[in-house]
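**Q** Prediction below, plus the sequence it came from.
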Protein chains: 2
Amino acid sequence: MKLSNIGEFGLIDRIAKREPRLPSTIIGIGDDAAVLQMTNEGKYLLITTDTLIENVHFKRKGASFFRLGQKALAANISDIAAMGGWPAHALVTVGVPKTMSVKAIDELYRGINALARKQKIDIIGGDTVASPKEIVISITLLGEVEKANLLLRSTARVGDLICVTGKFGGPAAKGYPSHYALRVTLFQEARALAKSGLATAMIDSSDGLVRSILEICKASRVGAVVYESEVPVARGASLAQALHGGEEYELVFTIPAKNIRKLKKVLGRTKVSIVGDICPRKSGVNLLDKHGRIKEIKSGGYEHFK
Amino acid sequence: MKLSNIGEFGLIDRIAKREPRLPSTIIGIGDDAAVLQMTNEGKYLLITTDTLIENVHFKRKGASFFRLGQKALAANISDIAAMGGWPAHALVTVGVPKTMSVKAIDELYRGINALARKQKIDIIGGDTVASPKEIVISITLLGEVEKANLLLRSTARVGDLICVTGKFGGPAAKGYPSHYALRVTLFQEARALAKSGLATAMIDSSDGLVRSILEICKASRVGAVVYESEVPVARGASLAQALHGGEEYELVFTIPAKNIRKLKKVLGRTKVSIVGDICPRKSGVNLLDKHGRIKEIKSGGYEHFK
C-alpha cells in the first residue's frame, strides 16, 4: 500500500491511535496543540530536538525502519539523560516521500513507539508532511528534572577529572550511518549520577569524545588535558575514530577527584574511564599522546556542512 | 559566503547569539537540552510543531527567506492562539543544503527572530543539519494558557453557531506556496475570545475552512450545516478556493447564539461571519448551496500525499 492510498489524514489517524497516557497529558494528538499539566514544584522542564535526514544520517536502502525510529528517539533521550532528567512527552514529525511505503512508515512509528513505551514517553503530537525526495524524521522531546539534580555542561571546575562511560569509535569503525539504538542503561546511569550529586558537569558524546570535552570546556570556561592512553577504544576502531568519531551516545562527565571512589557504588558495573583533567582556561584543551607529547586540540567531531 | 566556510558549529554560534530572555528560560541554546522554569499555577503548557519543506510548502527561487522564516513561526503561533493561549518558547530546526548561502540562512533566522521578538518568544534551542537537496524548516513552539481559557476543538455543542474571522480563499487564489506572514491581530483576537468565555470551540483554518469545520465536528462528535452564501470569499478567489483552499490562518470557532451579541465588544472591528450551525452528529456535515440544495461534505482541505 502506498501513502497516496491513505493520504495525510489517514496517516494521522494511524499514528494518533496512541495508548499509554501520562497523567500530565491533558490533550495529546488531535488538537491544534498538545496540552500538558506540569507539576513543576521543584522541577525544571527540559526540551530537546533532533532531526535525521535520509542520505545524511542514514541510507534508505537496507535500513531497518524500526531501528531508525528507535535511533531518532534515542538521540533525544540521550540529551535529556545528559541533563540528569527523565523523558516524558514527545512530538514526532515525519517528512515522507510519496515513494515510501505505508509499511515502512508503520515500521518507523513502531520503532519509535516501542522505545517510547519502554521509557514511559507519551507521544503527544507532531507533524506529517510530504517530502519531495528524502525522508525527514524530527523529534522534539520534553523531560523533567529535579532542580537539585540538573547537570549542565557549564559547571566543570578546575581540578575535576574527566570521565566517560563505555568505549569510543565503534560507530565510526562500523561505518556511518549507523541505526543501532541507544543502550538503555545509559539513561539509568545518567539519572543515578545526577541524583548522586557526585558529578559537576555532563554531556552526551553524540558529536564525538573530543568535541564533547571541547563543549564542556567552552561552556565552563576551563581548559583540559586528555590522556590518549586512557581513551577506551572500541574493538576494531582506531584512536582517531575513538577521539573524533561520534554517535556513541556515551556520557562524558566531570567529577572532583575526591568523589571518584564513590562512583562505583552509583554506577555499579558500568565501565567508567578517567580520560583527562580539567585545567585553567589559559592552558587550552590539550591531548597528551602516548609518547608524552602535548598538542592543542582546536576542534573535532562530526560537523555538518564541512 | 557558503555554509561550508563556517561549518555547523559556526552556524550554531551565529544562531546562538540570542538577546531577549524570558524569565522562565533558565538555559537556552548551548546545552544538551533547554531548561525552563514553569510557573504553572492554574496554567497549562501548550506545544505544537510545524514543518515546511522546499518544493512542497515553498519554492526557493524568488523566495523571501525573511518572510519564509516569519511564516514558519506564524503557523505555530496560529496553533497556540487557536488554543486560547500565548506563545513563549521556540525550538528552530533547519535542514540546509550545502548550496544554500549563509546570507539566505541569516535572512531566514532574521525573519524568525523578528516575529519572535514581536511576540515575546524566546528561541531556546533547535537543530541544524545538512539536507541533501531541499531546505527543511521545522519549528516547535511552546505556549501557555490559563486553565479556564483553554479552547479545544472537541467542545462544540449542538445549536452553536459557526463563526470565522476574515476572508477565505486568498492564498489559494494567489497560488501556493505563499510566504505571507500571519496577521498579527489574529493572536490578539484569539486571546480576547478565549478570555471572554464566549466561544465553545476553536481551531485555526490552516487546512481550509471546510476541513476546519470537519475537524471540529469530528472532535466534538457533532454535525454541521455550512451556508455557502455566508462564506466570506476573498477578492479574486472562487467559492471552492474559499471552502477548501487553506493557509488563511483565520480563526474558526463555535459560539452559542445567545453570546453572539457580545462578540463585537470582544473582537472590536475584526470582521466575523456566521457561516453555519452545529447540528446533531447523525445529520452529518452538510453544505447548503446558493440554490437551497444540501450536499454532504466528506472531506476537503489540502492533504499531503494525495
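**A** Yes, it's here.

**Q** Secondary structure element holding A:Ile278?
**A** strand A:272-279 (DSSP states H and E).

**Q** who touches that strand?
**A** The contact list for strand A:272-279, computed with C-beta atoms under 8 Å, 6 or more residues apart in numbering or on different chains, reads A:156-165, A:209, A:213, A:217, A:220, A:222-227, A:230-232, A:254, A:260, A:263. C-beta coordinates here come from the backbone N, C-alpha and C atoms, glycine included.

**Q** now with 6 Å?
**A** Residues outside strand A:272-279 that contact it (C-beta atoms under 6 Å, 6 or more residues apart in numbering or on different chains) are A:156, A:158, A:160-165, A:222-227, A:230-232, A:254.

**Q** Go ahead and build a PyMOL selection from the buried members of the residues you listed.
**A** A single PyMOL command selects the buried members of these (16 or more other C-beta atoms under 10 Å in any protein chain shown):
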select buried, chain A and resi 156+160+161+162+163+164+165+222+223+224+225+226+227+231+232+254
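
**Q** which residues of the stretch 151-300 of chain A score low on pLDDT?
**A** A:176-185, A:299-300 (pLDDT under 70).

**Q** That one against chain B: which residues are in contact?
**A** A:Leu152, A:Arg153, A:Asp204 (C-beta under 6 Å from any C-beta of the partner chain).

**Q** can you redo those residues as a markdown table with distance to A:Ile124 and neighbour count?
**A** Converted to a markdown table, these look like this (distance: C-beta to C-beta, whole Å; neighbours: other C-beta atoms under 10 Å in any protein chain shown):
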| residue | distance to A:Ile124 | neighbour count |
| --- | --- | --- |
| A:Leu152 | 26 | 22 |
| A:Arg153 | 28 | 24 |
| A:Asp204 | 23 | 25 |
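
**Q** Which members of those are positioned in helices?
**A** Assignment to helices by DSSP state H places none of these there.

**Q** just those residues now: which is nearest B:Asp122?
**A** A:Leu152 (17.9 Å; C-beta to C-beta).

**Q** ok, the closest one - contacts?
**A** B:Asp31.

**Q** that older thread, hmm, who's touching the following helix or strand past the strand holding A:Ile278?
**A** Using DSSP H and E, the helix or strand that follows strand A:272-279 in sequence is strand A:285-288. The contact list for strand A:285-288, computed with C-beta under 6 Å, 6+ apart, reads A:Leu214, A:Cys217, A:Gly223, A:Ala224, A:Val225, A:Val226, A:Tyr227, A:Glu228, A:Ile294, A:Lys295, A:Glu296, A:Ile297.

**Q** What is the helix or strand containing the fourth one packed up against?
**A** Taking DSSP H and E as the definition, one finds A:Ala224 inside strand A:223-227. Taking 3 or more C-beta pairs under 6 Å, 6 or more residues apart in numbering or on different chains; DSSP states H and E as contact, the helices and strands that strand A:223-227 lies on are strand A:272-279, strand A:285-288.

**Q** hmm, who's touching the helix or strand just after it?
**A** Next along the chain after strand A:223-227, taking DSSP H and E as the criterion, comes helix A:239-244. The set of residues external to helix A:239-244 that reach it, using C-beta under 6 Å, 6+ apart, is A:Phe168, A:Gly169, A:Ala172, A:Ala173, A:Gly208, A:Leu209, A:Val210, A:Val231, A:Val233, A:Gly300, A:Gly301.

**Q** What about these, which one has the most neighbours?
**A** With neighbours taken as other C-beta atoms under 10 Å in any protein chain shown, the top of the contacts of helix A:239-244 is A:Phe168, carrying 31 neighbours.

**Q** Which residue ranges of the stretch 101-250 of chain A form helices?
**A** Counting by DSSP state H, counting those that start in this stretch, the stretch 101-250 of chain A has these helices, from start to end: A:102-118, A:170-174, A:185-196, A:209-220, A:239-244.

**Q** coming back round to it: for the residues of the stretch 151-300 of chain A next to chain B, which one is nearest A:Ala192?
**A** Using C-beta to C-beta, these come closest to A:Ala192 at A:Asp204, 15.3 Å.

**Q** Show me what the closest one is bridged to.
**A** Bridge pairing for A:Asp204 (DSSP bridges) gives the partners A:Leu251.

**Q** ok, it - contacts?
**A** A:Ser78, A:Ala82, A:Tyr249, B:Asp32.

**Q** cool, and A:Ile139?
**A** A:Asp50, A:Ala72, A:Leu73, A:Asn76, A:Ala90, A:Val92.

**Q** Mind checking which of these land in strands?
**A** Cross-referencing those against strands under DSSP state E gives A:Asp50, A:Ala90, A:Val92.

**Q** Could you check the pLDDT of the nearest residue to the first one once chain neighbours are set aside?
**A** Going back to what we said before, that points to A:Asp50. Nearest non-adjacent residue to A:Asp50, counting by C-beta to C-beta, 6 or more residues apart in numbering or on different chains: A:Ala75, 4.4 Å away. At A:Ala75, the predicted lDDT confidence score is 89.

**Q** State the number of residues packed around A:Ala75.
**A** Look at A:Ala75: counted by other C-beta under 10 Å, it has 24 neighbours.
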